[in-house]
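Engineer: My questions concern the predicted model and sequence given below.
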Amino acid sequence: MELKVGDRVELLDDDLSGIVQKIEGGEVKIKTEDGFEMDFPSDQLVKIKEDINEIDVQEFDFNEILKEKTPAKKKQFPRSKPKDKGAPPMEVDLHINQLVKSSRGLSNHEMLNLQLDTARHKLEFAIRKRIQKVVLIHGVGEGVLKMELEYLLGRYSNVKYYDADYQKYGLGATEVYILQNP
């Protein structure tokens, strides 16, 4: 479509119309109905007839224009849900009768190693699965298992640990908070 000085034009992307004043290369200067002179690329203007409802659009492919104007869809990535702060912690009961059917024939050393191995495996699982809190239930006893657990937990740089809720567990549990890397 060829534009000439004096043609009435409308802007494709905006509710703006005017009369062509000057054409230089691909730039067209129009004078708006409000008296302002503005420059636009010629491909952004549509010539309109005197009857404003009869727009001359024979050379435009509307599907192509719509495709240009529609923003590209962003690729959706599955979002992992942030862990619920009020979610119950993972509880690991390290009492020997919870780990084996019968402790008969096991020495104290073997029982302690089994309890520590279980604690280590569960802690590694929680770190892999991004579980923030783990409660290790060790019981009161003589405190040997608790001391060994503290030694084990001290070797992890991304965990903090402290005595678990006294009302729920008494003195026989340690709560482990796993610091999550983003």
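Structural biologist: Sure thing, it's come through.

Engineer: biggest helix in this structure by residues?
Structural biologist: helix 108-128 (DSSP state H).

Engineer: How far does the helix or strand just after that one sit from its chain's centre?
Structural biologist: Using DSSP states H and E, the helix or strand that follows helix 108-128 in sequence is strand 133-137. Relative to its chain's centre, strand 133-137 lies at 28 Å (C-alpha atoms, centre = their mean, to the nearest Å).

Engineer: would you list every one of the helices in the protein?
Structural biologist: 62-69, 96-99, 108-128, 144-154, 166-169.

Engineer: Nearest to Gln180, out of these?
Structural biologist: With C-beta to C-beta as the criterion, Gln180 lies closest to helix 108-128 of the helices of the chain, at 9.0 Å. Where C-beta positions appear, they are placed from N, C-alpha and C, glycine not excepted.

Engineer: and the closest one, which residues are buried?
Structural biologist: 112, 114-116, 118-119, 122-123, 126-127 (16 or more other C-beta atoms under 10 Å).

Engineer: lowest confidence element among the helices and strands of the protein?
Structural biologist: Lowest on mean pLDDT, DSSP states H and E among the helices and strands of the chain sits helix 62-69, with a mean of 71.

Engineer: buried sites along that helix?
Structural biologist: Counting neighbours by 16+ other C-beta under 10 Å, helix 62-69 gives no buried residue.

Engineer: Not counting the longest helix of the chain itself, show me its contacts.
Structural biologist: 90, 92, 94, 96, 99-100, 103, 106, 131, 134, 136, 138, 144-145, 148-149, 152-153, 156, 158-159, 176, 178 (C-beta atoms under 8 Å, 6 or more residues apart in numbering).

Engineer: got the domain boundaries for this structure?
Structural biologist: The record, using automatic domain parsing to delimit domains, assigns the chain the ranges 8-69, 90-178.

Engineer: Straight-line length of the first one, end to end?
Structural biologist: Start and end residues of domain 8-69 are separated by 24 Å (C-alpha to C-alpha, to the nearest Å).

Engineer: and if you look at the last one?
Structural biologist: With C-alpha to C-alpha as the measure, the first residue of domain 90-178 is 12 Å from its last.
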